[in-house]
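# just a sequence and a predicted model for now, questions to come.
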Amino acid sequence: MQTTTVLMQMRRLIQLIAQHNHAYYVMDQPTIQDSEYDQLFHQLKALEQEYPDLVQADSPINKVGGQALSKFESVVHHVPMLSLGNVFNQEELYAFARRLEERLPQQQIQYDVELKFDGLAISLWYENGVLTRAVTRGDGETGELITQNVKTIRNLPKVLSSDQIEIPSLLEVRGEVLMPKAGFNKLNAEQEAKGDKTFANPRNAAAGSLRQLDPQVAASRPLAFYAYGIAQCEPLHGLTTMSESLTWLNQLGFAIGELHYVCDSIEEVQQRYEEVQLKRPDLAIEIDGMVIKVDDLKQQQQLGFLSREPRWATAYKFPAVAALTTLEQIDWQVGRTGTLTPVARLTPVAVGGVTVSNVTLHNIGEIHRLDARVGDTVSVYRSGDVIPKVEKVWAELRLADQEYEIVNLPSHCPVCASPVVMPEGEALARCSGGLYCAAQRIEAIRHFVSRKAMDIEGLGDRWVESLLNLQLLDNVADIYHLQEHREQMLGIEKMGEKSLQNLLDAIENSKKTTLAAFIYALGIRGVGETTARMLANTFQTLDALKQADIESLKKTPDVGDITAEWIFDFFQAEHNIEVVDRLIAAGIHWDAPLAPTRQPLNGESWVITGTLSQLTRDEATQMLQALGARVSGSVSSKTKCLVAGEKAGSKLEKAEKLGIDTMNEEEFLVFIASHQA
Ligand code: IVH
């Protein structure tokens, strides 16, 4: 591979891993599956191994995950909290064992096999038997002090006592905080009843609960702690194996995994792993695999550590769960922005404890990639908490005497019957119904009334919904006929005479607008504010725009090939024309835009900065735009002039440095007045 390609790939991977670390460790909201994260990690690791000279300074390979949130005090771990390497199948497990054997020649190795708890790692300090601090793992080096919250965990000893064991003066216990499945289900039911957000899985629920700044809230959450290791002990405990350590911790009052084993061979480890996988659904807690550790502590010491993980242990992850079922039907759902999404209707099937009957297929490309046809047998995968996915289509299971029709994109929208369009190079198909399509109605109305469009203040979402329910709003043109339904509207909750009148006034006032705002309000795909203005300036009248062909649309500044097509398609659809004509018939009007010849600032780039006292930034922007200028957010050598209000800062400095013209507010107003004449 070329050096630049390797570098680019490394940078991309580092960036992706950093994003996911942030989502996982800081936000508690993982955006991808663990296995995908592992893959990114492995890809980067492999590249670094192959091209050691190119290893980037900020590579995460030798660091462990995210940063501590700032709201809790940060604490440096005396003994770093490392992570574990992974194996995913028997072959990789046996390779792990071979590596150990190579490093411990002629030695018997026993394995301690534990559950891999799917929660959050924490460190607990006991001084003379009293819990004095609890710290999250954080990035492995530094964590957050969450002692108050952790003290609310019921099954965790706050004071150690034991008949058999002398209490150490210092003990640091490592383990995992998690939410048992039953508690999780109950919590989510309560959250739902209260109208609060529910948690995607027990791990997120545990993380969210531990992060509560108010220990009262944490206390109300059914958390549990399971111990899996000792990081420090003074005086030394004298234990010689991992399995003994677990028993010792248990005797001190800590919960440990309900299943754990000592195995004499790696084959036995594999057997236990398969056994536990079968028991997994019946366990009280979520696990995402097993942890395999060398049992003998002296051997552990001999093996030591790689930079971010011990050599003497590995996680053995469970594969994602899959089930076979039948694809009964594919429905196309129309989203609020008109995108058509295929949804597979499946014969209901249990996948990892959840019944799955609807799964998104994303887009037509995915259907063709899978070659999914109605009647097919398909594999549905779900790994842990993740959204189920159709992973594979079993074409080899098709019956010779049965028809399996190839799935095609519908030619017409299932909601409004407008033609479906899919521009070249795009993955998503869309309904061209726009303003007319019921599925897109709310979004279209919301956009239509927004400030930069028709600016109808007071027609908020709640009222729009009520009006839709009363069937008073079929499309945006109906807004201008609402005054014919006063009586019905007064029936809407909280709609008094006065608020109704305000709303109707706002609607009436919106009728006087600009061509640019009107074009923008139509919500044509790809036509934002700037493009709408360019179209208004170029075509001058609505009729000219309606009749424009693709070639002339493309000549408009800001309009590329694809947008030109979208605009053209919009005005080809009869439904849209009908709505536009009704709007104009209802009295929407505007002054003719300044002819391009009367746009003295055509092609110039202006910047506005600081606080203006006599007009708003938006008004100033509109004035400049009406004269043909582009208003940009940053000063460059291409800037024609900077309008600097009060407290203008770095932009003014930069303009002066570059020798660019500047005006204060007074000068600007005089300038505008002289040009508007
Ligand atoms: S031992 C040096 N044992 O898995 C690290 N870890 O992927 C030794 N985990 O953050 C860790 N169950 O929090 C160990 N029985 C178990 C575990 C376990 C879950 C977590 C641990 C760590 C992560 C590593």
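Cool, the structure landed.

# please list the residues of this protein that sit near the ligand.
82-84, 114-117, 121, 137, 176, 228-229, 291, 310, 313, 315 (CB under 6 Å from any ligand atom). (Each C-beta comes from the backbone N, C-alpha and C, glycine too.)

# now, which of these lie within helices?
Among those, no residue falls in helices (DSSP state H).

# only whichever of those are buried, select them in PyMOL.
A single PyMOL command suffices to select whichever of the residues of the chain next to the ligand are buried according to 16 or more other CB atoms under 10 Å:
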select buried, resi 82+84+114+115+116+117+121+137+176+228+229+291+310+313+315
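
# for Ala626, state which of the residues of the chain next to the ligand is nearest.
Using CB to CB, Arg137 comes nearest to Ala626 of the residues of the chain next to the ligand, at 57.9 Å.

# the closest one against Met81, yeah?
Yes - assessed by CB atoms under 8 Å, Arg137 is found in contact with Met81 at 4.5 Å.

# look up which residues are beta-bridged to the residue of the chain found nearest the ligand.
Closest to the ligand within the chain is Ala121: 3.1 Å, counting by CB to the nearest ligand atom. Taking DSSP bridges as the rule, Ala121 bridges to Glu176.

# surely it touches Arg203?
No - if you go by CB under 8 Å, Ala121 and Arg203 don't touch, sitting 11.5 Å apart.

# okay, buried residues for the lowest-mean-pLDDT helix or strand in the chain please.
Using mean pLDDT, DSSP states H and E, the weakest-scoring helix or strand in the chain turns out to be helix 215-219, at a mean of 74. Using 16+ other CB under 10 Å as the test for burial, helix 215-219 gives Ala218, Ala219.

# for stretch 482-492, same thing?
Neighbour-count burial for stretch 482-492 [16+ other CB under 10 Å]: Leu482, Met489, Ile492.

# with stretch 532-542 instead?
In stretch 532-542, counting by 16+ other CB under 10 Å, buried: Ala532, Arg533, Met534, Leu535, Ala536, Asn537, Thr538, Phe539, Gln540, Leu542.

# what's near enough to touch the closest residue to Ser379 other than its chain neighbours?
Excluding the flanking residues, the one nearest Ser379 by CB to CB, 6 or more residues apart in numbering is Lys392, at 4.3 Å. Residues near Lys392 by CB atoms under 8 Å, 6 or more residues apart in numbering: Leu370, Val378, Ser379.

# same thing but at 10 Å, please
Ala322, Leu324, Leu370, Ala372, Asp376, Thr377, Val378, Ser379, Val380, Tyr381 (CB atoms under 10 Å, 6 or more residues apart in numbering).

# go on, Glu666?
Ser613, Gln614.

# again, but for Thr531
Ala516, Ile519, Tyr520, Ile524, Thr556, Pro557, Asp558, Val559, Gly560, Thr563, Ile567.

# before we move on, back to that, buried subset of the contacts of Lys392 as a PyMOL selection?
Only the buried entries of the contacts of Lys392 go into this PyMOL selection, using 16+ other CB under 10 Å:
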select buried, resi 322+370+372+376+377+378+380+381
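
# okay, the contacts of Lys392 in CSV with distance to Lys181 next?
Formatted as CSV, the contacts of Lys392 follow (distance: CB to CB, whole Å):
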residue, distance to Lys181
Ala322, 21
Leu324, 25
Leu370, 32
Ala372, 33
Asp376, 33
Thr377, 30
Val378, 28
Ser379, 25
Val380, 21
Tyr381, 21
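
# least confident of the contacts of Lys392?
Minimum pLDDT for those is recorded at Ala322 (77).

# on the three-state scheme, that residue is what?
Under DSSP: H, G, I helix; E, B strand; the rest coil, the three-state class of Ala322 is strand.

# so where's this structure uncertain?
Low-confidence segments of the chain (pLDDT under 70): 21-30, 33-36, 62-71, 195, 200, 320, 352-353, 383-387, 596-597, 676-677.

# please, which helix or strand holds Thr662?
strand 661-663 (DSSP states H and E).

# partners of that strand in the sheet?
strand 639-644 (parallel).

# next helix or strand past the strand it pairs with?
Next helix or strand after strand 639-644 toward the C-terminus (DSSP H and E): helix 650-658.

# how distant is that following helix from the center of its chain?
Chain-centre distance of helix 650-658: 38 Å, with CA atoms, centre = their mean, to the nearest Å.

# for stretch 316-326, same thing?
On CA atoms, centre = their mean, the centre of stretch 316-326 falls 24 Å from that of its chain.

# so where do the helices sit in the stretch 551-677 of the chain?
561-572, 574-585, 617-626, 650-658, 665-676 (DSSP state H, counting those that start in this stretch).

# pull out the buried positions in the fourth one.
Neighbour counts using 16+ other CB under 10 Å place Lys651, Leu652, Lys654, Ala655 of helix 650-658 among the buried residues.

# go on, the third one?
Residues of helix 617-626 classed as buried: Ala620, Thr621, Gln622, Met623, Leu624, Gln625, Ala626 (neighbour count, 16+ other CB under 10 Å).

# ok, now the first one?
Within helix 561-572, the residues that count as buried by 16+ other CB under 10 Å are Thr563, Ala564, Glu565, Trp566, Ile567, Phe568, Asp569, Phe570, Phe571.

# repeat for the second one
Residues of helix 574-585 classed as buried: His575, Asn576, Val579, Val580, Arg582, Leu583 (neighbour count, 16+ other CB under 10 Å).

# does anything pack onto the helix or strand containing Leu100? Which helices or strands?
Element membership for Leu100 (DSSP H and E) is helix 90-103. The helices and strands touching helix 90-103, judged by 3 or more CB pairs under 10 Å, 6 or more residues apart in numbering; DSSP states H and E, are strand 85-87, helix 266-279, strand 287-294, helix 297-303, strand 313-317.

# can you tell me which residues contact Ala189?
Thr198.

# roughly how far apart are it and Phe199?
11 Å (CB to CB, to the nearest Å).

# now do Leu409
In terms of CB to CB, Leu409 sits 37 Å off from Phe199.

# and those two? which has more neighbours close in?
Shown here are Leu409 and Phe199; by other CB atoms under 10 Å, Phe199 has more neighbours (20 against 15).

# isn't the more buried one up against Asn188?
Yes - the pair Phe199 / Asn188 is scored as a contact, 6.1 Å apart, by CB atoms under 10 Å.

# the nearest residue to Ile608 once chain neighbours are set aside bridge partners, please.
Distances taken as CB to CB, 6+ apart place Val643 nearest to Ile608, at 4.6 Å, with adjacent residues excluded. Taking DSSP bridges as the rule, Val643 bridges to Ile608, Met663.
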